[in-house]
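S.K.: Model the following, please.
(2 chains)
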Number of protein chains: 2
Amino acid sequence: MSSAGYLPPFHLGIDLGGTNIKSGVVDDTGKPLSAVSLPTETEQGPQIGTDNLAIAARKAVESSGLAWDQIQSIGLGSPGTLDLPAGMLIHPVNFPNWSNFPIRDELATRLNRSVAFQNDANAAAYGEFWAGAGRGAHTVVLLTLGTGIGCGVVNEGQIIEGRHSHGAECGHIIIQMENGRLCSCGQHGHLEAYASATSLVKRAHEALEGGAVSSLGEHLAEGPLTSRIIDLAAEAGDPLAVKLMEETAHYLAVGAVNLMHSFDPDMVLFGGGMIAAGPNFLNMIREGIQKLAFPICAARTRVEYAELGGDAGFIGAAGYARMKFKTP
Amino acid sequence: MSSAGYLPPFHLGIDLGGTNIKSGVVDDTGKPLSAVSLPTETEQGPQIGTDNLAIAARKAVESSGLAWDQIQSIGLGSPGTLDLPAGMLIHPVNFPNWSNFPIRDELATRLNRSVAFQNDANAAAYGEFWAGAGRGAHTVVLLTLGTGIGCGVVNEGQIIEGRHSHGAECGHIIIQMENGRLCSCGQHGHLEAYASATSLVKRAHEALEGGAVSSLGEHLAEGPLTSRIIDLAAEAGDPLAVKLMEETAHYLAVGAVNLMHSFDPDMVLFGGGMIAAGPNFLNMIREGIQKLAFPICAARTRVEYAELGGDAGFIGAAGYARMKFKTP
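M.R.: Got it, this is the predicted structure:
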């Protein structure tokens, strides 16, 4: 199908974070040719922040060695709350001074190009679906385990955006309706309130304050606990840390089963900083799913770690733009 | 766009139930021209049962006054477990003697026509989306409140079938992971275990056995409790019955919010026998959703009762067939 003068298309992705902007150029299979990172400077407000997005985009193209006319499509992933059809940041929780800002079109003006706009967690899920651990799958659910729990769902190749840009906000499904733990969003009993890195550390503190004997107590004397410290203590056999990691895996299995009984994907992926816990943790999650899911789903749904790490956002934003702007 | 000789298309839907088969012909807007019902005779096995499906289909066409060549598409809705792509009944919970039966093709052979095959709850959701309370919406979640809780999701016009024909099995999402009530499926803490008609009656029995004073106790002396008796007692001001209905509405709000934070539909519908409880019950569910959902979802998602009653299944099966077999 090639013709004289045919050049393969490339795509540019930009991932807006509260601290850093990541941007990169990928080829038509999602493989990065470049990846740059620079500070968002959210405190400077959205106009300077969007200048920074444009700078990151230009650096990513420059660093790829390509010319701009080789970039077929450009995508931006952003934390919510968003209005996706309008291209608006409505209320970004961690930088509220950017509220109600038409970020998609502001960036498009600076780059003099159309920009596809997507939720960051949805973009990461699309990245894994397109070019990561979900390659070859049709329907992929990604849960990103970090400070909070992000979620994105790609259903038969299409991102579940939702009618109000709130699709796949599955960190905020209720798994414990009675006496549920407080979530960062102010509600109770959400998956995020049980299974995020923040919750893991909080539960460790509660246990220590309750008198549990654990090597974590010594760590606490040296500095703040982190999910990685707890995970390493569990690997070293600390009983409290083992218990905390087992509970976390159980909570994640509950969340995964709820998504399996809703979307019935062929693949559930876990990403984010907490997957540094490694294969034992993944196996505990899998065992929980085996106990709780319908037999056919338990037998057939693949449960894996994500593969793209911190690049999933810009790769997925580029891939989403590629799909959205594809000429049929 | 009409031409000489153009005839509007009609569609035939068949809804396989454990007790009765319902079938009807609908016009191209989903309006029924006929509706027939006859016993499934599940105990006679799947061959005679499929004969009955074909008889119901023929009666529906006959009763519509149309000729067979005016029927453009034929759809069958069936309870699960199914393999939708294969057209198989895998393990119908209430008539296990039909397990592993190629029902779609057996019916197609008897009717000498292609048959579109769908899960019954998915078909009902499609019916409401196409021709019922969900008309005009893009993404609709239907929860059917009866002996169990059925669920179907139509996302941007497409049924969420899932990769293993287990899409939208949302009666079986976990809303209470610790000390959850036993579900009919054998797991604990599912939405169905809290909010089905069966659960409502069970909770009433538990309260009465625990010594609660209520007019329901007198009903119990006369015969078995039903969800309708409890609902009527609540309307008459019986405090226990009021409490039970309020709790049920709360559980349904929890379930609805989980689906809103997953699919983010423009409409959540409740159908099934329990909606006989009327507008007060619906308003209690709505109030619960207002308290628990993200603000934008709470403000914009319409929450209504379904409109098609027991016809939703065959209307939706016909509508699904219309969509599936549409010539572009």
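S.K.: Tell me who's in contact with the nearest residue to residue A:15 once chain neighbours are set aside.
M.R.: Nearest residue to residue A:15, sequence neighbours excluded (Cβ to Cβ, 6 or more residues apart in numbering or on different chains): residue A:313, at 3.3 Å. Glycine gets a C-beta too; all of them are placed from N, C-alpha and C. Counting by Cβ atoms under 8 Å, 6 or more residues apart in numbering or on different chains, residue A:313 touches A:13, A:15, A:17, A:22, A:77, A:120, A:123, A:124, A:127.
S.K.: Recalculate using a threshold of 6 Å.
M.R.: A:15, A:77, A:120, A:123, A:124 (Cβ atoms under 6 Å, 6 or more residues apart in numbering or on different chains).
S.K.: quick one: the fourth one and residue A:77 touch, right?
M.R.: Yes. With contact taken as Cβ atoms under 6 Å, residue A:123 and residue A:77 are classed as touching, separated by 3.4 Å.
S.K.: what is in contact with these two at once?
M.R.: Shared contacts of residue A:123 and residue A:77, counting by Cβ under 6 Å, 6+ apart, come down to A:313, A:317.
S.K.: What ranges does the stretch 51-200 of chain A have for its strands?
M.R.: A:71-78, A:82-83, A:88-89, A:116-119, A:140-145, A:149-155, A:158-159 (DSSP state E, counting those that start in this stretch).
S.K.: Give the partner strands of the second one in its sheet and their orientations.
M.R.: Pointing back at strand A:82-83 there. Strand A:82-83 pairs in its sheet with strand A:88-89 (antiparallel), by DSSP bridges.
S.K.: quick one on the thing from earlier: let's have the contacts of residue A:313 in CSV, adding pLDDT.
M.R.: Conversion of the contacts of residue A:313 to CSV gives the following (pLDDT from 0 to 100):
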residue, pLDDT
A:15, 98
A:77, 98
A:120, 97
A:123, 98
A:124, 98
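S.K.: any chance of these in TSV, with neighbour count and distance to residue A:222 too?
M.R.: Supplementary listing: those in TSV, determined by neighbours: other Cβ atoms under 10 Å in any protein chain shown; distance: Cβ to Cβ, whole Å:
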residue	neighbour count	distance to residue A:222
A:15	30	33
A:77	32	36
A:120	24	33
A:123	32	37
A:124	33	33
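S.K.: Return the distance of the lengthiest helix in chain A from the chain's centre.
M.R.: In chain A, taking DSSP state H as the definition, the longest helix is helix A:239-263. Offset of helix A:239-263 from its chain centre (Cα atoms, centre = their mean, to the nearest Å): 18 Å.
S.K.: Could you name the helices and strands sitting against that helix?
M.R.: With contacts taken as 3 or more Cβ pairs under 6 Å, 6 or more residues apart in numbering or on different chains; DSSP states H and E, helix A:239-263 sits against helix A:191-195, helix A:197-209, helix A:227-235, helix A:279-292.
S.K.: Tell me which residues are up against that helix.
M.R.: Residues outside helix A:239-263 that contact it (Cβ under 6 Å, 6+ apart) are A:141, A:153, A:170, A:173, A:175, A:191, A:194-195, A:200, A:203-204, A:207, A:212, A:214, A:230, A:233-234, A:268, A:284-285, A:288-289, A:292-293, A:297, A:301, B:169-170, B:172-174, B:177, B:262.
S.K.: and it with strand A:149-155, angle?
M.R.: Computed with axes from the mean of the first three to the mean of the last three Cα atoms, to 10 degrees, the direction of helix A:239-263 lies at 30 degrees from that of strand A:149-155.
S.K.: Considering only the stretch 1-150 of chain A, name the residue that lies closest to chain B.
M.R.: Here the stretch 1-150 of chain A gets closest to chain B at one residue, residue A:139, 5.3 Å apart by Cβ to the nearest Cβ.
S.K.: Good, wrapping up.
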